[in-house]
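> The sequence and its predicted three-dimensional model are supplied below.
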Amino acid sequence: MQMNKMMAALALLGMAGAALAQETVVKIGHSGPLSGAQSFAGKDNENGARMAIDELNAKPITVGGKKIKFELVSEDDQGDPKSGVNAAQKLVDSGVRFVVGPYNSGVAIPASRVYSDAGAIVATVGSNPKITEQGYKGLYRINASDTQLGSKMALYAAKELKLKTVAVIDDRTAYGQGVAEEFKKQARASGLTVAGHEFTNDKASDFTAILTSLKAKKVEAVFLGGYAPQGGPMARQMKQLGINARLLGGDTICAAEMGKLGGDAVGENVLCAQGGAILDKAASGPEFKANYKKRFNKDPDVYAASFYDGVMLYADAMKKADSVEPAKVNAAIAKGEFKGVAGTYAFDEKGNMKSSPVTIFTFKGGQPVPVTSY
């Protein structure tokens, strides 16, 4: 009798072992600013990745005959290049070979070398063109570049807003400089006068001196190459100084944080360009927004859908390659196409999206609302 019990126990253990053997754990790394002034963006991006992982684990995919269990490993890179390199090292040292992020171009540029050396695949929303000019295989940009964001904002300013004189302020980050230069280039090509180019930094909060000098030049719009923590106070100070110019920017000011920090100074006077089509008009956009709100009790911000898509892109490529080996997954991404929430992901030889629409937003009730996509 005792022997039968032992045999039964061993059989159960064997079954449990067999079940475990049929499961493969795949770590997905996330790098973003989870603390500091940009933490609203980092947490939103992390939420998007987490939501994808939760969905994949609820209905597991099978690769190489085994069910895949995904795990999120998230690191706070503080939006800082040095911290970003440390975060990258931590992720690859813990066995991560699939990464969504970094959010900031200034972090993505140096960190991408660490990921490349480890054979990891990276899907970043960093928009500075230099990111994909480095020649690393397995490094993908999953949104529009500065070239598209800056230039389309300038085209909109010239063609739709019919502006004549603009100025530029950039925060000297890789992102801020890149998007400001692209705006300036297209603005001049479209016949606009760029009356001034001023500089600040991504920790500043007082822009009175810069704005006063631009007021004297009677500019009709100020393009900010920078982030919402600077954009909100800048809008307030423009209003206080009686500057009736519009405040324009790239994707990083297309955030609810702008309305939160800028209050009633942020409205239809603020316009920004963001990669991707209008979420409400995308086939699975409304469902994504509803699921996100249900899961996190708030609306998704700028790139939650892109980070969600980044994780789903990896899962789709694993299925196509029938492997979780980074080299094979990378080959499937490079030659394939994946339809996500925020766009269709097909890449050129450098890792840029072949087609990335840009949406122009303005603000109503403190929230970014889409105006048009092109």
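Everything's here; your move.

> what about the helices in the stretch 201-350 of the chain?
For the stretch 201-350 of the chain, the helices defined by DSSP state H, counting those that start in this stretch occupy 208-216, 228-240, 256-262, 285-296, 304-321, 326-335.

> What angle do helix 304-321 and the last one make with each other?
Between helix 326-335 and helix 304-321, the angle formed by their directions is 110 degrees, by axes from the mean of the first three to the mean of the last three C-alpha atoms, to 10 degrees.

> quick check: mean pLDDT across helix 326-335?
The average pLDDT for helix 326-335 rounds to 98.

> Same question for the second one.
What helix 228-240 shows for mean pLDDT is 98.

> Please point out which parts of stretch 106-119 sit buried.
The neighbour-count check on stretch 106-119 (16 or more other C-beta atoms under 10 Å) flags 106-112, 114-116, 118 as buried. Quick note: C-beta positions are derived from backbone N, CA and C, even for glycine.

> among the helices of the stretch 201-350 of the chain, which is nearest Ser31?
helix 304-321 (10.8 Å; C-beta to C-beta).

> Can you list the buried residues in the closest one?
304-318, 320-321.

> and what of stretch 93-100?
Buried, per 16+ other C-beta under 10 Å, within stretch 93-100: 96-100.

> And that stretch, end to end?
16 Å (C-alpha to C-alpha, to the nearest Å).

> and Asp54, what element?
helix 39-58 (DSSP states H and E).

> Count the residues that sit near Tyr345.
The number of residues packed near Tyr345 is 25, by other C-beta atoms under 10 Å.

> so who does the residue most central in space within the chain touch?
Centroid-nearest residue in the chain, with C-alpha atoms, centre = their mean: Val125, separated by 3.7 Å. If you count contacts by C-beta atoms under 8 Å, 6 or more residues apart in numbering, Val125 has them with 45, 101, 103, 141-143, 251, 275, 303, 306-307.

> Wait, Met312 touches Gly340, no?
Yes - between Met312 and Gly340 there is a contact at 6.0 Å, judged by C-beta atoms under 8 Å.

> Could you list the domains of this structure?
19-144+282-342, 147-275+359-373 (automatic domain parsing).

> Reformat those domains as TSV; add distance to Met353.
Listed next are the domains of the chain as TSV, based on distance: least, C-beta to C-beta, whole Å:
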stretch	distance to Met353
domain 19-144+282-342	6
domain 147-275+359-373	8
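
> Identify whichever of these lies nearest to Gly351.
Comparison of the domains of the chain against Gly351 by C-beta to C-beta identifies domain 19-144+282-342 as nearest, at 4.5 Å.

> Show the contacting residues for the closest residue to Lys320 other than its chain neighbours.
Counting by C-beta to C-beta, 6 or more residues apart in numbering, the nearest residue to Lys320 once its immediate chain neighbours are dropped is Ala332, at 4.3 Å. By C-beta under 8 Å, 6+ apart, the contact set of Ala332 is 317-318, 320-321.

> For the nearest residue to Pro326 once chain neighbours are set aside, give me its contacts.
Ranked by C-beta to C-beta, 6+ apart and with sequence neighbours excluded, the top spatial neighbour of Pro326 is Arg97, at 4.6 Å. Under the criterion of C-beta under 8 Å, 6+ apart, the contact list for Arg97 reads 27, 118-121, 326.

> can we see that at 10 Å?
26-29, 91, 115, 118-122, 138, 314, 324-327, 329-330 (C-beta atoms under 10 Å, 6 or more residues apart in numbering).

> Kindly report the same for Asp76.
30-36, 39, 42, 46, 83-84, 87.

> Check Ala277 too.
283, 285, 341-344, 356-359, 370, 373.

> what's the following helix or strand after the helix holding Asp54?
Following helix 39-58 in sequence order, the next helix or strand is strand 62-63 (DSSP H and E).

> follow-up on the earlier one: from the contacts of Ala277, which ones fall inside strands?
344, 358-359, 370, 373 (DSSP state E).

> quick revisit: common neighbours of Met312 and Gly340, please.
Residues touching both Met312 and Gly340 by C-beta under 10 Å, 6+ apart: Ala52.

> Next one: Ala290 relative to Pro300, how far apart?
Separation of Ala290 from Pro300 (C-beta to C-beta, to the nearest Å) stands at 10 Å.

> Can you pick out the residue with more neighbours from those two?
Pro300 (26 against 11).

> Tell me if I'm right that the more buried one and Lys289 touch.
Yes - Pro300 lies in contact with Lys289 (C-beta atoms under 10 Å); the separation is 6.1 Å.

> roughly how far apart are the closest residue to Gly336 other than its chain neighbours and Lys43?
Spatial nearest neighbour of Gly336, excluding adjacent residues (C-beta to C-beta, 6+ apart): Lys320 at 6.0 Å. Distance, Lys320 to Lys43, by C-beta to C-beta: 31 Å.

> Equivalent analysis for Glu160, please.
Distance from Glu160 to Lys43, by C-beta to C-beta: 33 Å.

> could the helices of the stretch 201-350 of the chain go into a markdown table alongside distance to Gly196?
Output for the helices of the stretch 201-350 of the chain, formatted as a markdown table (distance: least, C-beta to C-beta, whole Å):
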| stretch | distance to Gly196 |
| --- | --- |
| helix 208-216 | 6 |
| helix 228-240 | 14 |
| helix 256-262 | 22 |
| helix 285-296 | 38 |
| helix 304-321 | 33 |
| helix 326-335 | 43 |
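
> For Asn269, which of those helices is the nearest?
helix 228-240 (7.5 Å).

> Give me the buried positions along stretch 288-307.
288-289, 291-292, 296, 300-307.

> Need the max-distance pair from those residues.
Asn291 and Val302 (17.4 Å).

> After the helix or strand of the chain with the lowest mean pLDDT, heading C-terminal, what element do we hit next?
Least confident helix or strand, the chain: helix 2-21 with a mean of 49, by mean pLDDT, DSSP states H and E. Downstream of helix 2-21, the next assigned helix or strand under DSSP H and E is strand 23-32.
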